[in-house]
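Trainee: Next comes the sequence, and after it the predicted model I'd like to discuss.
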Amino acid sequence: MTAILGLLIFAVGTGIVLVAVAVGEIRWETRSQLTRCTTCGERHHRHAAHR
C-alpha cells in the first residue's frame with residue numbers, strides 16, 4: 001500500500017511539473033511573436049517609432 005501511494009504521489013508531482021513547463025513554454029512563444037500594432041495595423045516590435 002505504501003509503495004502504491006508513493007508512486008501515485010510521484011506521478012502527480014511529475015504531472016504538475018510537466019504542466020508548469022508546458023505553460024511556461026506557451027507563454028514564452030506567445031511573448032516572442034510580433035504583435036499587431038493598434039496604430040498602423042502592421043506587425044512590428046512593441047516600441048517601434050512611427051514616422
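Mentor: Cool, the structure landed.
Trainee: For this protein, just list every one of the strands.
Mentor: Counting by DSSP state E, the chain has strands at residues 35-36, 43-44.
Trainee: Mind putting the ones you listed into CSV with mean pLDDT and mean neighbour count?
Mentor: For the C-beta atoms, the positions are set from N, CA and C on the backbone; glycine is no exception. What follows is the strands of the chain, written out as CSV (pLDDT from 0 to 100; neighbours: other Cβ atoms under 10 Å):
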stretch, mean pLDDT, mean neighbour count
strand 35-36, 78, 10
strand 43-44, 78, 12
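Trainee: Let me have these in JSON lines, adding distance to Glu25 as columns.
Mentor: As requested, the strands of the chain are arranged in JSON lines below (distance: least, Cβ to Cβ, whole Å):
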{"stretch": "strand 35-36", "distance to Glu25": "19"}
{"stretch": "strand 43-44", "distance to Glu25": "22"}
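Trainee: pLDDT below threshold where in this structure?
Mentor: Applying pLDDT under 70 to the chain picks out residues 48-51.
Trainee: Please report how far His47 lies from Thr39.
Mentor: Distance, His47 to Thr39, using Cβ to Cβ, to the nearest Å: 12 Å.
Trainee: ok, which stretches of the chain are helices?
Mentor: 2-32 (DSSP state H).
Trainee: roughly how far apart are Ile16 and Ala22?
Mentor: Ile16 is 11 Å from Ala22, by Cβ to Cβ.
Trainee: Number of residues surrounding Cys37?
Mentor: Residues lying near Cys37 (other Cβ atoms under 10 Å) number 14.
Trainee: Could you do Val12 as well?
Mentor: 10.
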